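>>> model the following, please.
(one chain, ligands or ions: 2)
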Amino acid sequence: MIISTVPRIEKTEANETQLSHAFRISGFALTFSPVYESLGTTPKASATTAGDEVLPSSRPQYAEVAVPLHVPQTFTYRLPSSLRSTAQVGARIVVPLGRQLVTGYIVKLCVELGPGMSLQESDIKNADEILDAVPLVTPEILRITHWVSEYYAAPWGEVIKAALPPGISPTIQQFVSITPKGQANIEKIAVAHSATIRNRVLLLLAKPEETSLEEVSKSVGSKQALKAIRELEKEGLIERILRPSSSFLRAKHRRAVRLLKSDDTPIEPKGRKLTPAQRTVLQTLANTELMPLEELLAAAKVSVSSVNTLQKRGLVEVFDQSFRRDPLAGADLPQIEEYELTKAQASVLRQIEQPLKDGIYAPFLLHGVTGSGKTEVYIRAMRVALQLGRSAMMLVPEIALTPVFSRRLRAHFGDRVAIFHSSLSRGERFDEWTRVKNGTARIVIGTRSAIFAPVRNLGLVIVDEEHESTYRQQDSPQYSGRDTAIVRAQKESAVVVLGSATPSLESFHNARTLKYRYLHLPQRIANRPMAAARIVDMRDVFDRYKKPRVFSEELLRAIGETHERREQSIILLNRRGYSIFVLCRSCGETIQCPNCDVTLTYHRSERVIICHYCNHREAAPSRCPNCNGQYIYYVGEGTEQLEEMLKKLFPALSIARIDRDTTSRRHLFEKSLMEFGEGRIDMLVGTQMLAKGHDFPNVTLVGVVSVDAGLALPDFRAAERTFQLITQVAGRAGRGDRAGQVLIQTYHPNHYALKHSCAQDYLGFYTEEIRHRQNHAYPPFVSLASLLVHGAERNRVRSQAIEFRKELDLANKERACRVLGPAPAPLAKLKGEYRIQLLVKSRSRRQLRNVVTNALDALANRGFNLRSINLEIDPVSIL
Ligand code: ADP
Ligand code: ZN
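Numbers count the residues shown, from 1 in each chain. Ligands and ions are numbered 1, 2, ... in the order given. This next block holds a predicted model:
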């Protein structure tokens, strides 16, 4: 959890006191109130959850509210009588928090204060407004977000916010305006000439327009303004108005026109003739059900007055039509082919269908090499879910993959597919979400946050490429989309299928220990051969030339031969930019980022050096900034330089580069991929984003320039990631009828991850890797929490880390956990902050959470600021 996002309410001392008497502030408590925990499972007698019948006498008086701020607890508010009849669990509610008004979510309604709540009646503030008559958050989403917040120690309100389309929770602005009674008062003030704060406020408001609270605060001071406004409001001299900020999302409407009667049956008694313009309008409408007004005016080439007259005469109707922003509008859909499933596919499908038909929870791991027909199985299984009247979701790891999949699904399922991913416009996301919520769309495809789609009657969840680290959300709230999918399926009695050619160690382990059912598609469709991957030992190349070379002769020869056969190639290197670092020959210094503990990368096309972590950039120096020496060297090749070298070596080839530098211009990325697909580009050079998903049948060579940087990462998943990368890459070559080859250049040819991936031996790799995990006590044999202490002052960070270690040891008296560190994080400085890491491991997840929670609580009680500690449960990487 990132504790550094500071809610504004906590910034000043005055506010803190205000808060602490109104709400339970228990430092950083990972534990929530007992009421909070009981949600959805065992509702207390005094509570009503959505759908319960409420007797008039037991109308809820209090609402438990989760706010989308970085506070661990929920807050209790009193519902004024005007809100009691409308309040529903899952609705958005506007509540005061400190000096702000925030939009939160009702997670529980209570008739009386529960015994577990350490709250006094007088501490409780009134809620201001309820924003939804129909709750936005469905009971299922409330339940799964609650689980996420508990498991990952993330604020519930933040998780709910992440589950809703962005922009749906408006920030609330407060306005004040004077009442008639107030107006009358002003006249008295004018006579009395008294300049109390109250009077100054009243005078300020003595105009017809509303005045924003901000403006009032500015002119009389915010603390006094609030007090005065509260008093004046109580006395009925002014009133407060809440307005959502203008960016608030809603359904989009447009004016549309439809024909009521044609002109053959004039209803006008006087029989006034139609003008030619009016006649054209009626003719234009004659063959359509309805037409957007704008389109009609353009098509008929008339002005709006003709349409208005027709409406007055009862011949047409002009009305507001809500219309859908469709992310796939106008997209070319692929042809669907109805294959007969292979025996293996059919058997896999049968096993998935059974629990789906029985309506029970069942988790599957579908292990199938690329091209083995997994996607085809997913589509059939989704169809079964639909036939059973249930919904289906499919998660994919990356945006780059979504267009392909979503078009394939749209071709199969038409409008019943909704698409969720972050590169859609806000409007599109809102509309897709609405279609899911109201049941129009029953299939969802999207990236990790799509797991929170409000589908009803969930039957099937598919997580494709389940091993991908992109399923992990790195910003707060941190969660794994894949693991959340498992839990959601369990809670809603659905079937979940994790699919991969290279399952994560955890998932395969779960299959071996029978937590998941194992499904296997070992062969490609039509027994197409897998590409042969081969290691090129760069130590030999070095021996031959006595200096490092970027390309081995073998790779160069393969490139030449591939293109002589008019086939295509992909060259990968996991480093963008031109040179990896800049070195001064005189003093030996490299140029470092001023904010991070990394060297700056040279980008030649822009003539700048850039930090790949914080994006700090400066002009490329001509002299050493350290010693003013003039022998500046650029060392190590990035993709930009590879492209240049390859263009020189193979002038006849048309070569394009794909990495984060080129993909920031989205259309360029799509254009390159399209041209490559059409064969107008011969070679793609890029980072590993090229290794995934794309299907180019004419690619018969993939060259990996170096995997050594990836292997050397100080992370327990380094070998697994490298294995996955190479297996993925091998899946790219030879998708068509021709066999492909993969060449991997390395200085570590004997590494087990490389050997097993070249032999396509998943089981061999798993067996070796799982032994390492067991011997060194890493997941899946232990649960892991990473705790990162960070801050701008090195000494403070260090001493806080040391104190933290002491508290962890105290909390860990029973020795249920192993605590490692503090040690400088692999990235010891990032974005101007020093970073020190502690790792906690335990065989018992519960114990792990207890120890971490207790240590954090103890630190908080001693007055430490916990915002400088990031807690990550099940981190995907410990870098
Ligand atoms: P995966 O998802 O495992 O990579 P796909 O489902 O995309 O595999 O299938 C690989 C290719 O084989 C696709 O072009 C697909 O259209 C085709 N395919 C899938 N199943 C069959 C089948 N039963 N018969 C013929 N072709 C198939
Ligand atoms: Zn930096």
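>>> so what does the helix or strand containing Asp431 touch, helix or strand wise?
Of the helices and strands defined by DSSP states H and E, Asp431 is found in helix 426-437. Applying 3 or more CB pairs under 8 Å, 6 or more residues apart in numbering; DSSP states H and E, one finds that helix 426-437 makes contact with strand 417-420. Using the backbone N, CA and C atoms, a C-beta is placed for each residue, glycine as well.
>>> ok, and what's touching the strand it packs on?
Residues lying outside strand 417-420 but in contact with it, judged by CB atoms under 8 Å, 6 or more residues apart in numbering, are 327-328, 402, 406, 409-410, 429, 432-433, 435-436, 441, 443-447, 449-450, 453.
>>> pairing partners for it, with directions?
strand 443-446 (parallel) (DSSP bridges).
>>> which residues touch the strand it pairs with?
Outside strand 443-446, the residues within contact range by CB under 8 Å, 6+ apart are 382, 386, 391-396, 402, 405-406, 409, 413, 416-421, 436, 450, 453, 455.
>>> can you pull the buried residues of the helix or strand harbouring Ala277?
Secondary structure here is read from DSSP H and E; on that basis Ala277 sits in helix 276-286. Within helix 276-286, the residues that qualify as buried are 277-282, 284-285, counting by 16 or more other CB atoms under 10 Å.
>>> now stretch 353-370
Neighbour-count burial for stretch 353-370, with 16+ other CB under 10 Å as criterion, is recorded at 353, 355-356, 362-370.
>>> can I get that stretch in PDB, CA atoms only?
Listed in PDB are the C-alpha atoms of stretch 353-370, where the atom choice follows Å, rounded to 0.1, in the frame of the first residue of the first chain:
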ATOM      1  CA  GLU A 353     -18.500 -26.900 -19.000                       C
ATOM      2  CA  GLN A 354     -19.400 -29.400 -16.300                       C
ATOM      3  CA  PRO A 355     -19.100 -27.200 -13.200                       C
ATOM      4  CA  LEU A 356     -20.500 -24.300 -15.300                       C
ATOM      5  CA  LYS A 357     -23.600 -26.300 -15.800                       C
ATOM      6  CA  ASP A 358     -23.700 -27.300 -12.200                       C
ATOM      7  CA  GLY A 359     -23.300 -23.700 -11.100                       C
ATOM      8  CA  ILE A 360     -20.400 -24.400  -8.800                       C
ATOM      9  CA  TYR A 361     -17.000 -22.800  -8.200                       C
ATOM     10  CA  ALA A 362     -14.200 -24.500 -10.000                       C
ATOM     11  CA  PRO A 363     -10.700 -23.200 -10.700                       C
ATOM     12  CA  PHE A 364      -8.700 -24.500 -13.700                       C
ATOM     13  CA  LEU A 365      -5.200 -24.000 -15.000                       C
ATOM     14  CA  LEU A 366      -5.200 -24.300 -18.800                       C
ATOM     15  CA  HIS A 367      -1.600 -25.000 -19.700                       C
ATOM     16  CA  GLY A 368      -1.300 -24.800 -23.500                       C
ATOM     17  CA  VAL A 369       1.500 -23.800 -25.800                       C
ATOM     18  CA  THR A 370       1.000 -20.800 -28.000                       C
END
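>>> how many neighbouring residues does Leu113 have?
Applying other CB atoms under 10 Å, we find 18 other residues in the vicinity of Leu113.
>>> ditto for Cys593
Neighbour count for Cys593, taken as other CB under 10 Å: 24.
>>> spit out the contact partners of it.
599-600, 611, 613-614, 616.
>>> ok, and which of these reach ligand 1?
Of the entries in these, not a single one is placed beside ligand 1 under the rule of CB under 6 Å from any ligand atom.
>>> identify the bridge partners of the residue lying closest to Arg845 once chain neighbours are set aside.
The shortest distance from Arg845 to any residue other than its chain neighbours is 4.3 Å, reached at Ser783 (CB to CB, 6 or more residues apart in numbering). Residues in a beta bridge with Ser783, per DSSP bridges, are Ser842.
>>> Thr211 reaches Leu203, doesn't it?
No: under the contact definition of CB atoms under 8 Å, Thr211 does not touch Leu203, with a separation of 11.1 Å.
>>> between those two, point out the one with more neighbours.
Set side by side, Thr211 and Leu203 show unequal neighbour counts under other CB under 10 Å, the larger going to Thr211 at 19 against 14.
>>> returning to what we had before: what sits up against the helix holding Asp431?
By CB under 8 Å, 6+ apart, helix 426-437 touches 138, 164-168, 249-252, 324-327, 418-420, 424, 441-442, 444, 453-455.
>>> try 6 Å this time
With CB atoms under 6 Å, 6 or more residues apart in numbering as the contact definition, helix 426-437 has outside contacts at 165-167, 249, 324-325, 327, 418-419, 441, 444, 453-455.
>>> among those, which two are most distant?
For those, the maximum inter-member distance is 20.8 Å, found between Gly167 and Val455 (CB to CB).
>>> for burial, what's the neighbour tally of Cys758?
Here the neighbour count serves as a burial measure; for Cys758 (other CB under 10 Å) it reads 18.
>>> need phi/psi at it.
Phi and psi for Cys758, reported as degrees, to the nearest 10, are phi -70, psi -30.
>>> could you pull up the residues touching it?
With CB under 6 Å, 6+ apart as the criterion, the residues that contact Cys758 are 533, 535.
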